[in-house]
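Student: sequence unknown, structure follows:
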């Protein structure tokens, strides 16, 4: 990935990474990392970032829903499920214009067009921003990204 692509992604996310390797890892799917590894190149994939990003996203969305008037566990759970489902997260990356870049090494097979891959990458990006900038930074970004869906 060239510096212009990285700059474009950062601009679309609204966050400039101090450690660009975190961004690259968030965009690298497991198959692509394996391919690079087989060619003797060191490459980490997004898998663990997806798990971390999912947990962070759940916490932030739950807090935002409480702040915006959800008062029962049931209402929080129902609304949070809608906000964090594959379609919503995938559409976020499409809207940001990041979808065409997803799946480093796998674009030839169209992985960047699959909703599940976009949703997983969204979660990985949440983790990457968290690791690079901290909880307050990712909270501000998630709030910005989801504000029109929550209000």
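Tutor: Cool, got the structure. These numbers come from a predicted model, not from an experiment.

Student: and the nearest residue in space to residue 130 that is not next to it in sequence, what does it touch?
Tutor: Spatially, and ignoring its direct neighbours in sequence, residue 130 is nearest to residue 138 (4.4 Å; Cβ to Cβ, 6 or more residues apart in numbering). Quick note: C-beta positions are derived from backbone N, CA and C, even for glycine. Residue 138 makes contact with 56, 60, 126, 129-130 under the criterion Cβ atoms under 8 Å, 6 or more residues apart in numbering.

Student: farthest pair within those?
Tutor: The distance between the two most remote of these (Cβ to Cβ) is 11.2 Å, for 60 and 129.

Student: and the helix or strand residue 22 falls within, which residues are buried?
Tutor: Under the criterion of DSSP states H and E, residue 22 resides in helix 20-27. Neighbour counts over helix 20-27 (16 or more other Cβ atoms under 10 Å) mark 20, 22-27 as buried.

Student: hmm, who's touching it?
Tutor: For helix 20-27, contacts defined as Cβ under 8 Å, 6+ apart pick out 1, 6, 9-10, 17, 44-46, 49, 101-104, 121, 124-125, 127-128, 131-132.

Student: can you say which of the contacts of residue 138 are buried?
Tutor: 56, 60, 126, 129-130.

Student: narrow the residues you listed to those in helices?
Tutor: Counting by DSSP state H, the part of the buried ones among the contacts of residue 138 found in helices is 56, 60, 126, 129-130.
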